[in-house]
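Asker: Based on what follows, work out the 3D shape:
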Amino acid sequence: MVFPEHCNHYGTLFAGQALALLSKAAFVAAAQCAQQSVVMAAVSGVQFLRPVPQGSLLTLRAWVTRVGSSSMSVRVQGSSAPLAQSPATLTVVLEGLFEMVAVDAAGKPQSIAPSFVVDGVFPT
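Answerer: A predicted model of the protein is given here:
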């Protein structure tokens, strides 16, 4: 739900808030895939496709698109609809690509165990 504290002076989702939400979704998808701690290394291709008015329902979907030896690419897509409408009316409003790296307690890159990727399917 997009609340007033998430909005800019136009009454729509503030881009900084949107980016924070996208990055959290990327973190969750990457951490579930790697089964260990992850950090963000880069973000690219973020697009704010449509304004998201206050009171809208915002749904985020994140999935791992690539797994390397210690890094992953995660695509995140945000869709919105007015709260009172059916989820079938969701419109894509945000998207971005995040590069995430598995790390140990000291923050050093860690290998991602290949057993977490089965037949090209990632558990996210």
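
Asker: Only C-alpha atoms from now on, for both contacts and neighbour counts.
Answerer: Noted.

Asker: What sits closest to residue 42 if chain neighbours are left out?
Answerer: Once its chain neighbours are removed from consideration, residue 42 has its nearest residue in residue 99; the separation is 5.0 Å (C-alpha to C-alpha, 6 or more residues apart in numbering).

Asker: got a list of what the one you found touches?
Answerer: With contacts defined as C-alpha atoms under 8 Å, 6 or more residues apart in numbering, residue 99 is in contact with 40-43, 71-74.

Asker: doesn't residue 33 fall inside a strand?
Answerer: No - residue state for residue 33 (DSSP: H, G, I helix; E, B strand; the rest coil) corresponds to helix; a strand is not indicated.

Asker: count of residues packed around it?
Answerer: Neighbouring residues of residue 33 were enumerated by other C-alpha atoms under 10 Å; the total is 23.

Asker: Next one: it from residue 70, what distance?
Answerer: Look at residue 33 and residue 70: by C-alpha to C-alpha, to the nearest Å, they are 11 Å apart.

Asker: same check, this time on residue 48
Answerer: In this structure, residue 48 and residue 70 are 29 Å apart, going by C-alpha to C-alpha.

Asker: ditto for residue 53
Answerer: Here the distance between residue 53 and residue 70 works out to 38 Å (C-alpha to C-alpha).

Asker: more neighbours, the two?
Answerer: Taking other C-alpha under 10 Å, residue 53 and residue 70 do not tie; residue 53 has more neighbours (23 against 17).
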